[in-house]
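Asker: What follows is a predicted structure for the sequence shown.
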Amino acid sequence: MTPSPVLILDFGSQLTQNIARRVREMEIYSEILPASAPLAEIRRRQPLALILSGGPSSVYEPGAPALDPALLDLGLPVLGICYGMQILAHVAGGKVERAKVREYGVQPFTPAKDVSPLWDLFRPNSPVLMSHGDNIITPPPGFTVAGHTETTPVAAMENRKKGLYGVQFHPEVTQTVAGVDFLRHFLRDICGIKKNWTLKGYLDRHVEEIRARVGTDHLICALSGGIDSTVTALLCHRALGERFHAFFVDNGLLRKNELPEMERDLSSLGIPLEIIDARDLFLDRLKGVADPEKKRKTIGRTFIDVFVREARRRGTYRYLAQGTLYPDVIESVSSFGGPSAVIKSHHNVGGLPKRMPFELVEPLRELFKDEVRRLGRELGLSDRFVSRQPFPGPGLAIRILGSVTPERLHILREADAIVREEVENSPLRSELWQYFAVLLPVKSVGVMGDARTYENVAAIRAVCSVDGMTADVHYLDPGLLGRISHRIIATVPGINRVVFDISPKPPSTIEWE
Ligand SMILES: Nc1ncnc2c1ncn2[C@@H]1O[C@H](COP(=O)(O)OP(=O)(O)OP(=O)(O)O)[C@@H](O)[C@H]1O
Ligand SMILES: O=c1[nH]c(=O)c2[nH+]cn([C@@H]3O[C@H](COP(=O)(O)O)[C@@H](O)[C@H]3O)c2[nH]1
Ligand SMILES: NC(=O)CC[C@H](N)C(=O)O
Ligand SMILES: [Mg+2]
């Protein structure tokens, strides 16, 4: 049975899922609902506490996301974070205005005297992450100021009697050093919530949910052999048995030897699999497409067309399972109805056609990659499998800048195989999140064997990351870089220059398109 959640109301923050995962890390069940969710919907879930997320709006602007005042009278503890605190103040009769000085980055926070035990963890000048342009000028009646920073007089507030609290800073990020402990103290000690969630429980619950939802229908699973879809497949297979069918699409955008390696790995897991050769269709549709978003949408649509065609051929399937994770969602669409920005359309989310003949089953949609890896271990996947580098569904197409042609695919495939082989033969493999080659749409002059060349440039990317939301460059050892460059230029016809990408995410993204 699903436990009662800590309910997080999303006002459009890029950090909303960070709040959710912090709560999960304390083994407490949480759910996210859009801030616009009706009161009845919220009550139906019988939440144990409410957390109001941050968001890009200002409470005094027309159309800013609202908070139903009735929520403050349910007798539930409430914690507002950033916009969440501002909307709480606004609704309860306080005053919010544009600040004279905006406050961004880590700042020293000092709790007020005679505050409730919630603030026990903060010493004077505790580092907290701030990111706001509005300030609470007057706290609402019944509230007292619980702390300040140099430029924010109301950096925290509380109405102890009603259990309503607010912080202007972000406790859900590691830059707020006491942040995680503060959230735990709030939920465990102040709200008195007991541990009620584990990844194993997550697994069991989703197996049950899929069984209940799909009923006697059949489900096809889009399986790439990557960790996300493999965990999705294991979960759906466990739920549905014979009514589960996995399709792997060869879209012609795969890496060297991907198909045989994937077949070998998956057959050892006992997942029945069909391989669909759709190389010509994908390459045909991608002809002349150079714009990154157009490429991604073309690929997303073609994946679905292929699934529809194959599903019709075999009978009717109502459900399509995909290994969609939370970062795919947050970068692709305005998540959970919140007004967050589109960064790029991941093929499996923002790249999908508007009208779909399938209902999607996406059991991992709330999780981050490192959580899926732990789930994979829980399901018995080997460390080697679980720690493999992610490979995006649009494949080499988003690493060939400009139009995708069979010749350019061949060049990149060969160069990329060398990067993989060299890194995988070094002790680095387990430290890196991703390592790959990108083919640039520029040519440069070289000299090989005394003759002039005028050929393509390849860029090498190597990054470390926990969840793909941010990434650091890993400066490869010069010896290793030299070997990679030498091998590529010597053995891959069409490349005469190799460069190394030194841009972190943000401001760059991991993939070049
Ligand atoms: N070639 C493919 N055939 C079938 N489905 C695919 C293919 N490529 C991607 N997908 C679907 O798109 C989803 C998202 O792709 P993505 O690459 O993020 O995940 P993954 O391949 O499962 O894991 P990883 O991130 O480790 O590569 C997959 O989980 C899978 O459902
Ligand atoms: O399945 C996917 N479909 C996509 O369309 C897609 N685009 C990026 N990625 C992967 O997501 C992580 C973050 O990538 P970016 O920094 O490029 O956005 C990195 O690990 C990327 O490889 C994708 N995965
Ligand atoms: N990150 C936030 O929640 C910002 C809230 C509000 N818009 C501000 O700038 O003050
Ligand atoms: Mg993949």
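Answerer: Received it, and whenever you're ready, just let me know what you need. Ligands and ions are numbered 1, 2, ... in the order given.

Asker: hang on, V115 in a strand?
Answerer: No - assessed with DSSP: H, G, I helix; E, B strand; the rest coil, V115 is coil; it does not lie in a strand.

Asker: For it, give me phi and psi.
Answerer: Main-chain torsions, V115, degrees, to the nearest 10: phi -100, psi 170.

Asker: If we ignore the residues flanking it in sequence, what's nearest it?
Answerer: Computed as Cβ to Cβ, 6 or more residues apart in numbering, the closest residue to V115 that is not its neighbour in sequence is A146, at 4.8 Å. Any C-beta I mention is one placed from the backbone N, CA and C, and that applies to glycine too.

Asker: Make sure that neighbour is indeed in a strand.
Answerer: Yes - according to three-state DSSP, A146 belongs to a strand.

Asker: Count the residues that sit near it.
Answerer: 23 (other Cβ atoms under 10 Å).

Asker: and the gap between the residue of the stretch 351-500 of the chain found nearest ligand 3 and ligand 4?
Answerer: Of all residues in the stretch 351-500 of the chain, M469 sits closest to ligand 3, at 16.2 Å by Cβ to the nearest ligand atom. Separation of M469 from ligand 4 (Cβ to the ion, to the nearest Å) stands at 17 Å.

Asker: Then E513?
Answerer: For E513 relative to ligand 4 (Cβ to the ion), the value is 16 Å.

Asker: One more: Y202?
Answerer: From Y202 to ligand 4 the distance is 21 Å (Cβ to the ion).

Asker: Hmm, that residue is touching V372, no?
Answerer: No - if you go by Cβ atoms under 8 Å, Y202 and V372 don't touch, sitting 10.6 Å apart.

Asker: And the two? Which one has more around it.
Answerer: Applying other Cβ under 10 Å to Y202 and V372 shows that V372 carries more neighbours, namely 23 against 20.

Asker: follow-up on the earlier one: contacts only, for the residue nearest to V115.
Answerer: P111, A112, V115, S116, L118, W119, A156, M157, E158, Y165 (Cβ atoms under 8 Å, 6 or more residues apart in numbering).

Asker: and Q175, how many residues sit next to it?
Answerer: 13.

Asker: Looking at it now. What's its pLDDT?
Answerer: Here the pLDDT value assigned to Q175 is 83.

Asker: how deep is the closest residue to ligand 1 within the stretch 101-250 of the chain tucked in, by neighbour count?
Answerer: Closest residue of the stretch 101-250 of the chain to ligand 1, Cβ to the nearest ligand atom: G226 (2.2 Å). G226 has 18 neighbouring residues, counting by other Cβ under 10 Å.

Asker: was I right about it contacting F391?
Answerer: Yes - in this structure, G226 is within contact of F391 by Cβ under 8 Å, at 5.9 Å.

Asker: where does the stretch 101-250 of the chain have low pLDDT?
Answerer: Residue ranges of the stretch 101-250 of the chain with pLDDT under 70: none are present.

Asker: which residues are there in it that come within reach of ligand 1?
Answerer: A222, L223, S224, G226, I227, D228, S229, F248, V249 (Cβ under 6 Å from any ligand atom).

Asker: what's near enough to touch the second one?
Answerer: Contact criterion Cβ under 8 Å, 6+ apart gives S229, T230, T232, A233, A246, F247, F248, L266, I271, L273 as the residues in contact with L223.

Asker: can you check the last one too?
Answerer: By Cβ under 8 Å, 6+ apart, the residues touching V249 are A222, I276, A278, F303, V306, F307.

Asker: In contact with the fourth one, which residues are there?
Answerer: With contacts defined as Cβ under 8 Å, 6+ apart, the neighbours of F303 are A222, V249, N251, H347, N348, G351, G393.

Asker: again, 6 Å this time
Answerer: Contacts for F303 (Cβ atoms under 6 Å, 6 or more residues apart in numbering) come out as none.

Asker: Can you give me the distance of it to ligand 2?
Answerer: 10 Å (Cβ to the nearest ligand atom, to the nearest Å).

Asker: rewinding a little: filter the contacts of L223 down to the ones in helices?
Answerer: With helices defined by DSSP state H, the entries of the contacts of L223 inside them are S229, T230, T232, A233, L266.

Asker: Pick out the most distant pair among the residues you listed.
Answerer: T232 and L266 (12.6 Å; Cβ to Cβ).

Asker: These two: which is more packed in?
Answerer: Set T232 next to L266 and count neighbours by other Cβ under 10 Å: T232 wins out with 30 against 21.

Asker: Please verify my assumption that the more buried one contacts G323.
Answerer: Yes - contact criterion Cβ atoms under 6 Å: T232 and G323 qualify, at 4.2 Å.

Asker: what residues are shared contacts of those two?
Answerer: L364.

Asker: rewinding a little: of the contacts of A146, which is the most crowded?
Answerer: Neighbour counts for the contacts of A146 (other Cβ under 10 Å) peak at A156, which has 28 neighbours.

Asker: Now do the same contact list for it.
Answerer: A156 touches A146, G147, V167, counting by Cβ under 6 Å, 6+ apart.
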